[in-house]
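[1] How does the following fold in three dimensions:
(2 chains)
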Amino acid sequence: MKQRGPFRLFLKQPGGWRILAGGVIVFLLAMATITGSAWTSYKSEDLDLENLLVPPSAGWLKRLMTTEEGLRVQEQNKAGGRGQLNHVRPANADDEDLGFLGNDSAPEPAETPKATEATGKTHVLGTDKNGRDMLALLIAGARNCFLPGLVTCAFALGLGVPLGLFAGYYGGRVRKIVGTFNSTILSLPRLVLILVVICALEPNVYYTMGVLGATLIPRVSELIATRVRILSNMGFILAAKEAALSDFKILYRHLFWYQNRAVFFIQFSLIMAESILVETTLSYLQFGTKPPEVSWGNIIEGSQMSFFSGFYWITFFPAVAIILAILGFFYLGDGLNARLAWKEGR
Amino acid sequence: MRIIAKIVGFFAGSMLLVSLLIFAIVHLTPGDIAEIHNLSPSTAHTLHLDRPEAVQYVLWLRDCLMLDFGISMVNGTKVSALIAEYAPPTLLLTFGSLFLSLLIAIPLGVYRGLRPVSPLGKFISLAVYTLSSIPVFVLGYIVLAVVFGFFHFFVTTPPEGEFHFWPWLSYYSLPIGVLAVGNGTIGEFVRFISLEVQNVNGAMFIKAARARGSRLWKHFFRSMILPIFNIIVTNMAVLLGGLVVVERIFNFHGLGWLSWEATLKRDFSVIMGITLVMAFLIRVFMLANDLLAVWLDPRMRE
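    The predicted structure follows:
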């Protein structure tokens, strides 16, 4: 018999593949958030004006989705883009050097692509209409959806877990109050409630994500409360009460940390998925991250029609990034959930 | 009778709380509303903005009970007239997509519930979860790209004049389809229905019915009505939230689009009115759910 390694065993257990796939994506996202655009050749705020709307450098990516009509539009735009540059260049030169350069600005655009090639800098995923590097934009966008997600989690879990613990453990009036709060929040559509808040306050991603966290409190607190209600009648809690442990210790050590921390991490992952969804959606609706700052949602919003005119890479890569990020957190949470159910049922 | 009175009382109480919440968010935040919009004293008076906050709330609530949500702060039209104009297409969109997602989710959910470990069952759950975790706006964008890019077919102006089937269908089918499939609703539906079918399938009364040799679908049907209605009600809020995005993508003039525009212009009375109407719709569904539960399940009557 062949001995199975621990890794193979892990994959065999319920949710193994989902945890692996989700974990890899979440790790990459976290790395992108931490490093930022330190390792890319362009920064997200660099405007590479010589290379507007450049397709991805790899040939297969270039041909991937561009129809013949799209190629024609690209060619046209290339010509148009050069023309524009010629127009802009002399004006700048005149301002700064007062005709020092004279007329030799005309051959310059032809030289500049060579110059960028000489430095070895390429736009791996192409550039957008302002000449910003798509890869750098995606990484900046990763940061702007990861950090607001953490704010959401802080609100949803930081308030939802204690409320759930109190409601489940004390029951009675506390449970009624928490239940009323939950049903009030649940009877408003999440996005519409967020719109009301945006309307009332200055639009700021972090406020909005706080509100999103508040709307997720019912889910967390109800989940924790039902689990705690069952647990609090079990022997070990009765014993802890007999041993005169303080309520705080029973709640936080015995009921939360020993019994419900897995639920906490699962919910953390699922809420991150939810918040990335809402953050990108709000940025798409122009209420989230504002244009100088980059978010995957506002890249798509800002170049709505580019897909139809041959520049697929501007909207395609952010869309893929959004879907992958959400799926990553979702699979991680779902896989951990399956694993928890399996362990508890065993 | 007492339980019905209690349910209705709960409905009224929660509507009161919701209205208080909406009012508090808008009015207790810093910034003077009349100043933001440079309102004339007469407009401010119609919106009761010259009174103390508590009085404003009572007056606003009284007006809302009489279906008068005030006037728009941007152009002075009556909010109730705006809502009446924009609500019908939205209702069609909401219920159409609800119906479509149930139409897709029930067979898939039932199959997955009956054969949870079969390859097709596993594939269904994976496919449905993956599909439903794509954000609505990305999905809508993909659909638009495909429809426009390959079929050169693009309808965003609402059909006017008399009723013609094809223009009407082409205008409504895309948003309805995107709202039904995206938005996470279909994943929730399939997951919930398959769990419920699994539970019912293992129950003793189904075993007994199987032993008797009687028709099973009747028993299934009776025990599935309540859970399905329940999941519809809990997903109503998600569906109405998705409206904002779908209507924005497809330029579909309904309540979601109106609320988007009201937020852009910071039109407080419009957004408050729309939110209240949506909350009312959701609460009515919850009320119907509770009453249905009491009617169908005698155990609830105590």
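
[2] Show me which residues of chain A sit near chain B.
    A:67, A:180, A:183-184, A:186-193, A:195-201, A:273, A:277, A:280-281, A:284-287, A:297, A:300, A:307-308, A:315, A:319, A:322-323, A:326-327, A:330, A:334 (Cβ under 8 Å from any Cβ of the partner chain). Backbone N, C-alpha and C define where each C-beta goes, glycine included.

[3] Which of those are buried? Put it as a ChimeraX command.
    Applied in ChimeraX, the following selects the buried portion of these according to 16 or more other Cβ atoms under 10 Å in any protein chain shown:
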select /A:183,184,186,187,188,189,190,191,192,193,195,196,197,198,199,200,201,273,277,280,281,284,285,286,287,297,300,307,308,315,319,322,323,326,327,330,334
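
[4] which stretches of the stretch 151-300 of chain B aren't confidently modelled?
    When residues are selected by pLDDT under 70, those of the stretch 151-300 of chain B lie in B:151-163.

[5] Number of residues surrounding whichever residue of it sits closest to chain A?
    The stretch 151-300 of chain B approaches chain A most closely through B:Gly241 (3.6 Å), counting by Cβ to the nearest Cβ. B:Gly241: 24 surrounding residues under other Cβ atoms under 10 Å in any protein chain shown.

[6] I'd assumed A:Pro189 was in contact with it.
    Yes - between B:Gly241 and A:Pro189 there is a contact under Cβ atoms under 8 Å: 3.8 Å.

[7] Give me the most central residue, chain B.
    B:Leu240 (3.2 Å; Cα atoms, centre = their mean).

[8] residues touching it, list them.
    B:Leu240 is in contact with A:189, A:192, B:94, B:256, B:278, B:281-282, counting by Cβ atoms under 8 Å, 6 or more residues apart in numbering or on different chains.

[9] Ramachandran coordinates for B:Lys265?
    phi -100, psi 0 (degrees, to the nearest 10).

[10] Count the residues that sit near the residue nearest to it when sequence neighbours are not counted.
    Take B:Lys265 and drop its neighbours on the chain: the residue closest to it by Cβ to Cβ, 6 or more residues apart in numbering or on different chains is B:Val74, 5.1 Å away. For B:Val74, the number of neighbouring residues by other Cβ under 10 Å comes to 15.

[11] okay, B:Val74: pLDDT?
    B:Val74 is assigned 78 on the pLDDT scale.

[12] Spell out which residues of the stretch 151-300 of chain B are next to chain A.
    Counting by Cβ under 8 Å from any Cβ, the stretch 151-300 of chain B sits next to chain A at B:234, B:237-238, B:240-245, B:248, B:259-260, B:262-264, B:266-268, B:271-272, B:274-275, B:278-279, B:282-283, B:286.

[13] which ones are touching the closest residue to B:Leu179 other than its chain neighbours?
    Among residues not flanking B:Leu179 along the chain, B:Ser97 sits closest, at 3.9 Å (Cβ to Cβ, 6+ apart). B:Ser97 makes contact with B:175-177, B:179-180, B:239, according to Cβ under 8 Å, 6+ apart.

[14] part of a helix, is B:Ser97?
    Yes - counting by DSSP: H, G, I helix; E, B strand; the rest coil, B:Ser97 is found in a helix.

[15] how much space between it and chain A?
    14 Å (Cβ to the nearest Cβ, to the nearest Å).

[16] I'd like to know how far that residue sits from B:Ile186.
    B:Ser97 sits 10 Å away from B:Ile186, going by Cβ to Cβ, to the nearest Å.

[17] hey, what's in contact with both of these two?
    By Cβ under 8 Å, 6+ apart, the residues touching both B:Ser97 and B:Ile186 are B:Ala180.

[18] residue boundaries of the helices in chain A?
    Here chain A has its helices, by DSSP state H, at A:6-12, A:16-35, A:59-64, A:68-97, A:108-118, A:134-170, A:172-186, A:190-200, A:205-231, A:235-242, A:247-249, A:258-284, A:296-302, A:312-345.

[19] For the fifth one, give the mean pLDDT please.
    Per-residue pLDDT over helix A:108-118 has a mean of 42.

[20] For stretch B:72-86, give me every contacting residue.
    B:33, B:37, B:39, B:43, B:47, B:67-71, B:253-255, B:257-258, B:265-270, B:273-274, B:277.

[21] Out of those residues, list just those in helices.
    Those of the contacts of stretch B:72-86 lying in helices (DSSP H): B:33, B:43, B:255, B:257-258, B:268-270, B:273-274, B:277.

[22] farthest pair in those?
    Greatest spacing in the ones in helices among the contacts of stretch B:72-86, by Cβ to Cβ: B:Thr43 and B:Trp257 (24.3 Å).

[23] These two: which is more packed in?
    More crowded of B:Thr43 and B:Trp257, by other Cβ under 10 Å: B:Trp257, with 20 against 17.

[24] if I pick that one, what's in contact with it?
    B:86, B:244, B:247-248, B:251.

[25] Next up, the contacts around the residue nearest to A:Val151 when sequence neighbours are not counted.
    Of all residues not flanking A:Val151 in the chain, A:Met209 sits nearest, at 4.4 Å (Cβ to Cβ, 6+ apart). A:Met209 is in contact with A:148-149, A:151-152, A:155, A:275, A:278-279, counting by Cβ under 8 Å, 6+ apart.

[26] A:Ala338 and chain B, how far apart?
    Distance from A:Ala338 to chain B, by Cβ to the nearest Cβ: 11 Å.
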